[in-house]
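Colleague: could you work out the structure for the sequence below:
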Amino acid sequence: MAKGHTHPKLDAPTERHIFGELGFASLDEYRRWCTSNHLQTSVRKSELQRRQEHELFQRQSADRALAQARRSHNPSHAIARIFSGEIDEATVVDEPLRIIAQACRKQHADDGLREYLIQVDSVSKLLASKESTIAVLNLYRYQREWLRSPSEWRPRTHNRERQVASLASHLLCEYEPPAFMVGVWYRKNRTRQRWYIHLGKGGSIRTAAGLPAPLTKRMAHWFTEAPDHYDPRAAIRYGQVRALGGDRRVSDAILGTRMGLDFRDNQFGLELIRFFTRNPMLDTAHYQPIVDYIWNQKYESQAVFVEHGLVEEREPPQPGLSMGGRTPGTLLRQVEEWHERLGRTARGGLLQWPRLGIPDFELVEGKRESRNMRVWRIIELLSSRELEEEGRALGHCVATYASSCRKRVSSIWSVRRETATGVTRLLTVELDVKRREIVQIRGLRNRLPDAGEMTVLNRWARQAGLTVAAWVESGP
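Modeller: Numbers count the residues shown, from 1 in each chain. This is a model prediction of the structure:
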């Protein structure tokens with residue numbers, strides 16, 4: 001301890017706290033620090049106060065270390081501090097580094113992980129982004145299957161997404177998987193990551209483990225040709241549609257319906273795809289109401305009010321429904337009749353369900369004094385009556401989702417815009433509750449959202465921690 005550290009009025013714990021744990025050179029320096037942090041300047045502190053000061057000082061030290069690392073544009077310095085224990089996830093402000101600190105804790109400061117991260121950081125900027133950092137860490141999980149060392153990897157582009165694709169291919173592939181497969185490294189789904197590795201070794205998607213539906217050779221071929229923005233589930237449906245004679249237009253329209261990613265009854269799903277592909281002049285705008293009608297009749301149990309306050313679950317009306325012998329004209333008439341029945345208030349009672357836990361959204365644009373102010377609101381619909389009102393206002397079949405909402409399979413939200421002239425319902429949004437993903441967006445008479453509306457929806461999704469299915473975001 002340097003001269004001048006001791007003070008006759010300080011007891012041993014206080015002296016150890018100020019000059020040892022905090023490392024101040026003098027009482028004046030300590031008091032200035034207390035003042036700048038709105039703490040009592042008295043040296044007489046309780047054990048709890050000393051502990052709180054120590055924790056604050058550690059957080060500030062970690063923040064300074066991170067700031068220094070950011071100023072030097074070298075996250076490797078921060079990574080080294082994370083793995084040495086100098087910085088932990090509780091003190092990290094930078095989000096990519098916090099994710100690394102969490103991985104460090106879970107893997108018990110694995111030296112191999114530290115060396116891998118520092119190597120990747122030395123030749124790329126992948127650790128400067130939350131998404132690409134997650135991808136880099138997910139790739140490390142399969143280190144025992146790496147075909148090449150990360151030290152041999154050199155990216156040929158500054159684009160982060162392409163760098164992730166390049167790193168994944170370098171580590172795990174003898175053959176290049178389809179471009180859309182790279183997306184599996186941004187998620188935690190190990191089954192789909194295994195599909196990537198299987199394809200990278202030259203295997204066929206047909207023999208990959210955990211497929212939701214079997215694929216023919218022709219379907220497997222078209223799977224590899226799926227658009228780059230699709231995910232693997234959508235690519236499987238795309239392969240089926242193309243193999244059965246449909247085109248990209250038919251595929252995107254089907255992905256915008258309930259059957260898009262629902263493989264529960266694959267044989268009937270193929271039967272329905274054949275119906276659509278055999279009737280190419282059927283407007284794809286009819287796909288969604290047709291699928292809603294069929295799903296309701298074939299799969300949805302019916303909530304029937306047998307007396308006030310008592311709901312009885314009954315079997316679907318037509319569990320054996322098939323597409324055999326059906327024509328577009330007949331089917332559309334059945335859909336229209338069913339839709340009219342839905343438009344009437346449900347007899348005998350009301351279905352309700354609790355909130356999903358996502359706050360309603362509000363966005364104010366413009367200024368009242370400029371007379372251009374408008375307020376966007378996205379609110380959750382919480383009863384069968386609210387769904388019926390939404391369906392009547394926008395001319396679609398959202399009322400059929402009451403059972404799915406009650407079972408917490410789906411969550412339905414209404415997008416509205418308020419101006420000086422009143423409130424307008426614009427869009428109805430379906431969330432897949434389990435995946436927390438926006439899987440369908442429809443406006444008046446099933447129109448798709450425009451670019452301005454998608455900007456608002458994407459902002460809500462980011463704020464609420466939701467993902468937006470690729471086919472929804474791009475539109476058919």
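Colleague: got any ranges where this protein has weak pLDDT?
Modeller: Counting by pLDDT under 70, the chain contains low-confidence residues at 1-9, 65-74, 93, 303-311, 342-349, 368-370, 471, 473-476.
Colleague: hey, where'd the strands end up in it?
Modeller: Using DSSP state E, the strands of the chain run over residues 302-307, 310-314, 361-365, 374-380, 410-419, 422-432, 437-442, 467-468.
Colleague: kindly list the longest helix within the chain.
Modeller: Longest helix in the chain by number of residues, with DSSP state H as the criterion: helix 47-71.
Colleague: which secondary structure elements does that helix contact?
Modeller: Under the contact definition 3 or more CB pairs under 8 Å, 6 or more residues apart in numbering; DSSP states H and E, helix 47-71 sits against helix 12-15, helix 75-84. Where you see a C-beta, it was placed from the backbone N, CA and C, and this is true even at glycine.
Colleague: 10 Å instead?
Modeller: For helix 47-71, the elements it packs on are helix 12-15, helix 27-36, helix 75-84, helix 95-106, judged by 3 or more CB pairs under 10 Å, 6 or more residues apart in numbering; DSSP states H and E.
Colleague: how distant is that helix from the center of its chain?
Modeller: 33 Å (CA atoms, centre = their mean, to the nearest Å).
Colleague: compute the number of surrounding residues for Glu312.
Modeller: Applying other CB atoms under 10 Å, we find 11 other residues in the vicinity of Glu312.
Colleague: equivalent analysis for the one 5 residues further on, please.
Modeller: Other residues lying near Pro317 total 13 when counted by other CB under 10 Å.
Colleague: ok, now the one 4 residues further on?
Modeller: The number of residues packed near Leu321 is 16, by other CB under 10 Å.
Colleague: which non-adjacent residue is nearest it?
Modeller: Counting by CB to CB, 6 or more residues apart in numbering, Leu321 lies nearest to Lys298, which is 4.5 Å off, once chain neighbours are set aside.
Colleague: right, and that neighbour touches Glu271 too?
Modeller: No. Counting by CB atoms under 10 Å, Glu271 is not a contact partner of Lys298; they are 11.1 Å apart.
Colleague: please identify every residue contacting each of those two.
Modeller: Common contacts of Lys298 and Glu271 (CB atoms under 10 Å, 6 or more residues apart in numbering): Asp265, Ser322.
Colleague: quick one, helices of the stretch 251-400 of the chain?
Modeller: In order along the chain, the stretch 251-400 of the chain carries the following helices (DSSP state H, counting those that start in this stretch): 266-277, 287-298, 328-343, 384-394.
Colleague: any chance of these in CSV with distance to Ser411 and mean neighbour count as columns?
Modeller: Output for those, formatted as CSV (distance: least, CB to CB, whole Å; neighbours: other CB atoms under 10 Å):
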stretch, distance to Ser411, mean neighbour count
helix 266-277, 24, 17
helix 287-298, 16, 22
helix 328-343, 19, 14
helix 384-394, 11, 19
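Colleague: quick check, Gly320 in contact with Tyr299.
Modeller: No. Proximity of Gly320 to Tyr299 does not meet the contact threshold set by CB under 10 Å, at 11.6 Å.
Colleague: can you pull the contacts of the nearest residue to Arg264 once chain neighbours are set aside?
Modeller: Leaving aside its chain neighbours, Arg264 sits nearest to Tyr299 (7.5 Å; criterion: CB to CB, 6+ apart). Counting by CB under 10 Å, 6+ apart, Tyr299 makes contact with Arg258, Asp262, Arg264, Asp265, Phe268, Pro316, Gln318, Pro319, Leu321, Ser403, Ser404.
Colleague: same check, this time on Thr467
Modeller: The contact partners of Thr467, taken as CB under 10 Å, 6+ apart, are Tyr186, Arg187, Asp231, Leu431, Asp432, Arg435, Arg436, Glu437, Ile438, Val439, Ala461, Glu473.
Colleague: what do you get for His158?
Modeller: Ser124, Lys125.
Colleague: list the contacts of Thr91.
Modeller: When contacts are counted by CB under 10 Å, 6+ apart, Thr91 is found next to Glu55, Gln58, Arg59, Gln60, Ser61, Ala62, Asp63, Ala65, Leu66, Ile82, Arg98, Ala101.
Colleague: can we see that at 6 Å?
Modeller: Contacts for Thr91 (CB atoms under 6 Å, 6 or more residues apart in numbering) come out as Arg59, Ala62.
Colleague: do you know how far it is from Ser301?
Modeller: Thr91 sits 51 Å away from Ser301, going by CB to CB, to the nearest Å.
Colleague: so for Ala226, what's the nearest residue that isn't a sequence neighbour?
Modeller: Once its chain neighbours are removed from consideration, Ala226 has its nearest residue in Ala235; the separation is 3.6 Å (CB to CB, 6+ apart).
Colleague: just give me the neighbour total for the one you found.
Modeller: Other residues within reach of Ala235, judged by other CB under 10 Å, total 22.
Colleague: how about Lys106?
Modeller: Counted with other CB under 10 Å, residues neighbouring Lys106 total 10.
Colleague: and Ser42, by the same measure?
Modeller: By the measure other CB under 10 Å, the count of residues near Ser42 is 9.
Colleague: go on, Arg408?
Modeller: 12.
Colleague: do the same with the one 3 residues further on
Modeller: Close neighbours of Ser411, defined as other CB under 10 Å, add up to 23.
Colleague: what is it paired to in the beta sheet?
Modeller: Taking DSSP bridges, one obtains Leu431 as the residues bridged to Ser411.
Colleague: any idea how far it is from Leu255?
Modeller: In this structure, Ser411 lies at 19 Å from Leu255, with CB to CB as the measure.
Colleague: go on, Glu380?
Modeller: Summarising the geometry, the distance separating Glu380 from Leu255, computed by CB to CB, is 24 Å.
Colleague: again, but for Phe223
Modeller: Remark: distance between Phe223 and Leu255 (CB to CB) = 14 Å.
Colleague: one more: Thr35?
Modeller: Shown here: Thr35 relative to Leu255, a distance of 61 Å by CB to CB.
Colleague: neighbour-wise, which of those two wins?
Modeller: Of the pair Thr35 and Leu255, Leu255 is the one with more neighbours under other CB under 10 Å, namely 24 against 11.
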